[in-house]
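Colleague: Could you look at this predicted model? Sequence included:
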Amino acid sequence: MKSGTTRREFLSITLGEQHDDSKTFRRKTIWRAWRRLSRLQRSVICLVLLLLAICTFYIVPNLLPSSGSASGHSGKQPEMVADLAGKNEERTEKELTEIENKAKADIKNIMAKINRKNSDDYDAGVVPKKIEVGDSLPLPPKDYLKPESNNEDMGQIKPPLDQRAENYFDANRPVTERQRAVVEAFQYAWQFYEKYAWGHDEYHPISKTFNEWFGIGLTIVDSLDTMIIMGLEKEFKKARDWVEKEMKLDNKRDVNLFEITIRGVGGLLSAYHLTKDNIFKEKAKDLGDRLLPCFASGSKVPFSDVNLNTGVAHAPRWGPDSSTSEVTTIQLEFRDLSRVTGDPRYEEAAHAVSAHVHSLPKKDGLVPIFINAQSGMFRSSATITLGARGDSYYEYLLKQWVQTGKTIDMFKDDFIDAVEGIKKNLLSKSVPSGLVYIGELLSGRTFSPKMDHLVCYLPGTLALGHHNGLPAEHMELAEQLANTCFEMYNKMPTKLSPEIVYFNKAPGAPDDLIVKPLDAHNLLRPETVESLFYLYRFTGDKKYQDWGWSIFQAFLRYTKVEGGGFSSIHNVKNPRNPGFNDKLESFFLSETLKYLYLLFSEDKDFISLDKFIFNSEAHPLPIYSS
């Protein structure tokens with residue numbers, strides 16, 4: 001038999017090697033013993049070895065003495081690296097000094113690439129080594145984080161159009177009845193957040209529990225300027241004291257660059273501008289410093305995530321690419337952070353992203369929704385949409401132009417090109433009512449009549465552009481789209497919009513909207529009332545206030561939790577049982593109620609749109625003259 005012959009040959013070779021080399025023999029013998037084990041036995045041994053390795057990696061370092069590690073909170077996302085302070089205990093002072101000097105040199109090399117203004121200098125300069133996904137990028141030493149320049153080094157930067165801090169807590173400030181109702185809704189939600197989730201990121205009004213996302217008290221930070229604008233002095237003072245005394249930014253937690261920038265950095269900066277309280281500026285700067293490592297990606301496109309404690313930046317867990325909207329919706333905040341601190345690094349890093357995306361080829365001004373942080377290129381096969389992952393790219397084109405005193409035409413030109421691309425590729429009308437809507441291009445080619453509620457920010461952005469001198473047809477499109485967005489509420493039994501709708505294109509169809517079961521939820525989103533606010537400010541047409549009041553009444557009727565606050569719901573098509581989702585998104589307090597409050601104001605100079613630009617989380621930041 002062949003198998004018997006093979007075995008005799010193997011035994012003969014092994015015995016021969018035994019006399020020549022005992023070590024080789026032992027290796028062969030162990031391998032033979034391993035081969036004799038069953039598959040189950042081998043799997044068990046591998047599992048035990050793996051568990052021992054994990055225990056050695058995570059448990060042993062924690063048993064070592066540590067004196068300088070920052071405290072963190074447990075969360076859904078795993079820690080990316082071991083406690084650096086614990087490792088440093090084993091090193092000599094000389095080694096630590098060398099490590100610190102190397103980290104400082106690495107950071108300076110990386111930021112030199114970002115800060116290089118002259119293309120010839122850049123080509124001749126030192127280019128830092130390429131950072132791979134998951135590589136550790138240490139935070140700069142404390143002394144390096146201090147600005148190395150004063151405001152004179154900021155070139156042509158000029159102060160905002162109005163630097164005064166108004167007294168928003170004036171009890172005599174005129175407020176309408178509808179505004180009072182919105183304030184009561186905010187206070188109703190806030191009292192339960194204070195009672196059950198104070199200091200935590202997000203609140204669950206049904207279970208009366210909380211969860212952490214970034215570990216920075218996100219709901220508080222996101223709501224600061226809402227309380228200021230609404231004149232809620234008592235609530236604001238408590239929140240302000242929490243930010244000063246209890247807010248922690250050194251958590252061992254991965255955060256999303258986009259989300260923490262628009263909510264955290266934006267919320268702190270807005271609170272600073274409205275109050276001139278330096279504690280908000282200091283916290284915004286600390287947070288901005290912890291986000292800078294995202295820009296060391298090997299291209300002009302930042303990584304999507306970073307650990308606040310270690311500075312390790314990386315691509316998202318779900319794939320190699322960043323969302324286009326996320327990497328292009330940080331510029332308002334980073335630019336403003338440079339303006340208020342006198343440190344140009346934030347603005348230069350974020351502006352470099354915009355300049356790079358500007359240089360990339362597009363489809364009639366429209367961009368795919370994925371972009372790679374390593375190559376800096378779009379994923380050409382990705383969907384083109386003004387909904388999720390694409391929306392705020394277009395919003396920030398216009399708003400950066402306005403923020404900088406309409407002095408950087410690159411942004412205006414790209415926005416105008418995009419609007420023309422929308423009209424050419426994405427605009428359509430529904431059957432039977434002829435509602436104007438914006439669809440999507442699947443894989444960049446195939447039209448789909450799908451429209452996210454997120455797209456409903458666009459009417460307000462178009463109206464803002466027209467207010468700043470862009471073509472009249474932008475305003476006409478804004479009014480048509482605003483009507484469609486309101487009908488997404490008005491045509492539902494609950495008078496609340498679903499997250500996603502499909503528009504009917506079939507001749508003879510009885511209904512304009514098709515809502516799939518998994519798309520029927522409502523997250524208390526702000527985009528439609530945001531656009532109604534802009535349109536009312538610029539037209540004075542009270543129908544926009546009435547539409548907003550209808551939406552607000554539906555929120556009260558179907559999303560208010562007795563004894564709990566407000567919650568997102570599962571099904572806007574079922575008024576008898578919409579089903580609570582047990583989640584109060586921070587943007588309901590930061591955006592939805594704020595925009596409703598401003599929509600119902602009769603004072604068009606209150607938070608003037610000629611002095612402030614709202615970021616993507618409804619945080620007003622000043623307009624600069626350059």
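Modeller: Looks like it arrived, so ask away.
Colleague: if I've got this straight, Lys300 is in a strand?
Modeller: No: the assignment for Lys300, made by DSSP: H, G, I helix; E, B strand; the rest coil, is coil rather than a strand.
Colleague: residues touching it, list them.
Modeller: When the contact criterion is CB atoms under 8 Å, 6 or more residues apart in numbering, the partners of Lys300 are 352-353, 355-356, 376. In this view, the C-beta of every residue, glycine as well, is placed from N, C-alpha and C.
Colleague: which one of those residues is nearest Asp277?
Modeller: Using CB to CB, Val353 comes nearest to Asp277 of the contacts of Lys300, at 29.8 Å.
Colleague: from what I can see that closest one touches Thr324, true?
Modeller: No: with contact defined as CB atoms under 8 Å, Val353 does not reach Thr324; the gap is 10.6 Å.
Colleague: Closest to the centroid, which residue in this structure?
Modeller: Compute the mean C-alpha point of the chain, and by CA atoms, centre = their mean the closest residue is Glu259, 2.1 Å away.
Colleague: So it, which state does it fall into?
Modeller: With three-state DSSP as the basis, Glu259 sits in helix.
Colleague: Quick one: end-to-end length of stretch 459-479, please.
Modeller: Terminal residues of stretch 459-479 are spaced 7 Å apart (CA to CA, to the nearest Å).
Colleague: Now do that stretch, average pLDDT.
Modeller: Computed over stretch 459-479, the mean pLDDT rounds to 98.
Colleague: What are the buried residues along that stretch?
Modeller: 459-467, 470, 474-475, 477-479 (16 or more other CB atoms under 10 Å).
Colleague: quick one: the strands in the stretch 201-350 of the chain?
Modeller: With DSSP state E, counting those that start in this stretch, the ranges of strands along the stretch 201-350 of the chain come out as 202-204, 209-211, 254-256, 305-307, 313-314, 321-323.
Colleague: Lys300 and Phe378: what is the separation?
Modeller: Between Lys300 and Phe378 the distance is 13 Å, computed by CB to CB, to the nearest Å.
Colleague: Where does pLDDT dip in this protein?
Modeller: 1-41, 44, 48, 51, 53-164 (pLDDT under 70).
Colleague: Break it down into its domains, please.
Modeller: The chain resolves into domains spanning 49-90, 177-622 when parsed by automatic domain parsing.
Colleague: which non-adjacent residue is nearest Tyr489?
Modeller: Ser497 (4.6 Å; CB to CB, 6 or more residues apart in numbering).
Colleague: which ones are touching the one you found?
Modeller: Contacts of Ser497 (CB under 8 Å, 6+ apart): 453, 456, 485, 488-489, 522, 525, 528, 572.
Colleague: mind putting these in a markdown table, secondary structure, distance to Ser43 and neighbour count included?
Modeller: Formatted as a markdown table, those follow (DSSP: H, G, I helix; E, B strand; the rest coil; distance: CB to CB, whole Å; neighbours: other CB atoms under 10 Å):
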| residue | secondary structure | distance to Ser43 | neighbour count |
| --- | --- | --- | --- |
| His453 | helix | 48 | 23 |
| Cys456 | helix | 53 | 29 |
| Cys485 | helix | 56 | 29 |
| Met488 | helix | 53 | 25 |
| Tyr489 | helix | 56 | 22 |
| Asn522 | strand | 47 | 24 |
| Arg525 | coil | 48 | 22 |
| Thr528 | helix | 55 | 26 |
| Val572 | coil | 49 | 24 |
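Colleague: neighbours around Glu166, how many?
Modeller: If you count neighbours by other CB atoms under 10 Å, Glu166 ends up with 13.
Colleague: I'd like the distance between the spatially closest residue to it that is not a sequence neighbour and Met230.
Modeller: Closest residue to Glu166 apart from its sequence neighbours, by CB to CB, 6+ apart: Leu274 at 7.5 Å. Distance, Leu274 to Met230, by CB to CB: 12 Å.
Colleague: Over to Thr383?
Modeller: With distances taken as CB to CB, Thr383 is found 38 Å from Met230.
Colleague: More neighbours: which of these two?
Modeller: Met230 (24 against 21).
Colleague: Touching, the more buried one and Trp190? I think so.
Modeller: No: counting by CB under 8 Å, Met230 does not reach Trp190; the two are 10.3 Å apart.
Colleague: what separates the residue nearest to Tyr489 from Lys412, distance-wise?
Modeller: In this view, Ser497 and Lys412 are 31 Å apart by CB to CB.
Colleague: same deal with Ala296?
Modeller: 30 Å.
Colleague: what do you get for Ala284?
Modeller: Applying CB to CB, the value for Ala284 to Lys412 is 27 Å.
Colleague: From the neighbour counts alone, determine which of those two ranks first.
Modeller: Ala284 (26 against 20).
Colleague: Does that one touch Asp277 like I think?
Modeller: No: here Ala284 lies out of contact with Asp277, judged by CB under 8 Å, at a distance of 11.4 Å.
Colleague: can you pull the contacts of Trp565?
Modeller: No Trp there; residue 565 is Gly. Listed by CB under 8 Å, 6+ apart, the contact set of Gly565 reads 188-189, 191-193, 203, 205, 584.
Colleague: can you check Phe415 too?
Modeller: Applying CB under 8 Å, 6+ apart, the residues near Phe415 are 394, 397-398, 401, 465, 470.
Colleague: Report the beta-bridge partner residues of Ala210.
Modeller: Not quite, residue 210 is Phe, not Ala. Note on Phe210: beta-bridge partners by DSSP bridges are Tyr203.
Colleague: Pull the number of nearby residues for it.
Modeller: Neighbourhood size, Phe210 [other CB under 10 Å]: 17.
Colleague: Likewise for the one 10 residues further on?
Modeller: Burial of Ile220, expressed as a neighbour count using other CB under 10 Å, amounts to 28.
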